[in-house]
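Student: when you get a sec, could you give me coordinates for this:
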Amino acid sequence: MASWRSPVSGVLSVFVLAAFATAGSGPGSMQVEWRNARLTVNARNAFLVKILGTVSHQTGVRFVGLDGIHGRVSVGFSAVPLKEGLQMLLGHLDYVISGDASDPHALLVVVMERRAADRDQRNVPQGDKTAGASRASPGPQKPSITTPEQAPPLLDEETLRAAIVSPDAAVQATAFNSWFPVDYQAATAALVEATGNQNSNPQVRVHALQLLEATPHVDVKTVLSALGNALLDSNVEVRIYAVSRLAEHRGDEAIGYLRDALRDSSVLVRMMVIQRVASKKGGRTLIQEAADMDPDESVRDCAVLLLKQFESQPK
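Tutor: The predicted model follows:
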């Protein structure tokens, strides 16, 4: 399996950095075209994460770590091979590209999330005072929980249980918000059950996890247990979501669940683990384990690159 690391200098990274520095605050425009195995991108003051998302949609290349990317770019190139185009777009970031370049669906791109101080020093171009200064939210915005006075009229329990596994997030949240102020134990138990309901749409399970974390009266142990169980979910996107949330929790229990996730069958899940734990206490140990023992070369390469970032940090 081929693997390429990001260049630390050269024309490509200078070009993208220059483009990054010219980005303003106004509305942007973007054109991405994938034709005859060649990539064309013309963007002016466009969000880089949106460009990469469009590239992924059109080509099939998979990305990990896009939620750590901030800022706008102005960049243009025409009819270049996919690998070359990705290098132009990612030249100012730390990343790993692995897989067969002749098959975009086999390519995996992992963008490293630098720690805040490191990003501020190396990723903010001259003249752009906001890029890289804030970090993306670690997860989707948490739904609000109503008070008893705000709650809509309570329906019967059977109807509420059915609504809590509705594929419509608004219906699911409304049902929980109706039930929780009246009987929070039953409502919470039903929500926990929904997080592991393999017969439901995967998005239902993710929404249930979001609601559970947003509930102020649910203890952390219950939340961690639900997220830990989600690591066994049949759907890889649910497992990736669970990893991203577990990485935001402190303590040995969360680290233990994340260590279990390093044995996941999906490369994407294991990549998410090592990327998310980079700034977490105990995370370096997990990254070292991945560097030493992961069966996939791209995961080992990614872990080694993160370890080198640790070594380059001031003592």
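Student: strands of the chain, residue ranges please.
Tutor: Along the chain, counting by DSSP state E, strands occupy 3-5, 29-35, 38-47, 62-64, 72-80, 95-98, 108-111.
Student: just give the number of residues close to A226.
Tutor: By other Cβ atoms under 10 Å, 23 other residues sit near A226. Backbone N, C-alpha and C define where each C-beta goes, glycine included.
Student: isn't it up against G196?
Tutor: Yes. A226 lies in contact with G196 (Cβ atoms under 8 Å); the separation is 7.5 Å.
Student: what's the spacing between the residue at the greatest distance from the centre of the chain and S178?
Tutor: What lies farthest from the middle of the chain is D156; by Cα atoms, centre = their mean that is 37.5 Å. Per Cβ to Cβ, to the nearest Å, D156 is found 11 Å from S178.
Student: re earlier: roughly how far apart are the residue farthest from the centre of the chain and N177?
Tutor: 16 Å.
Student: tell me who's in contact with the closest residue in space to S29 that isn't next to it in sequence.
Tutor: In space, and not counting its chain neighbours, S29 is closest to R44: 5.0 Å by Cβ to Cβ, 6 or more residues apart in numbering. By Cβ atoms under 8 Å, 6 or more residues apart in numbering, the contact list for R44 reads 28-30, 74.
Student: tell me which residues of the longest helix belonging to the chain are tucked away?
Tutor: Assignment by DSSP state H gives helix 297-312 as the longest helix of the chain. Across helix 297-312, burial judged by 16 or more other Cβ atoms under 10 Å covers 298-307, 309.
Student: low-confidence ranges in the chain?
Tutor: Low-confidence segments of the chain (pLDDT under 70): 1-27, 112-155, 312-315.
Student: kindly recompute the last result at 80.
Tutor: 1-28, 64-65, 67-68, 70, 91-101, 106, 108, 110-156, 279-280, 310-315 (pLDDT under 80).
Student: pick the one among the buried residues of helix 297-312 closest to V277.
Tutor: Distance to V277, by Cβ to Cβ, is smallest for L306 among the buried residues of helix 297-312, at 9.1 Å.
Student: hang on, isn't the closest one packed against A278?
Tutor: Yes. L306 sits in contact with A278 when judged by Cβ under 8 Å, with a separation of 5.5 Å.
Student: can you map out the helices along the stretch 1-150 of the chain?
Tutor: Along the stretch 1-150 of the chain, counting by DSSP state H, counting those that start in this stretch, helices occupy 11-21, 48-59, 82-90, 116-122.
Student: actually the stretch 201-315 of the chain, sorry about that
Tutor: Applying DSSP H, counting those that start in this stretch to the stretch 201-315 of the chain gives helices spanning 202-214, 220-230, 236-246, 252-261, 267-276, 283-293, 297-312.
Student: quick one: which of these is nearest R38?
Tutor: The nearest among these, by Cβ to Cβ, is helix 297-312 at 24.2 Å.
Student: next, the angle helix 267-276 makes with that closest one.
Tutor: Angle of helix 297-312 versus helix 267-276, following axes from the mean of the first three to the mean of the last three Cα atoms, to 10 degrees, is 0 degrees.
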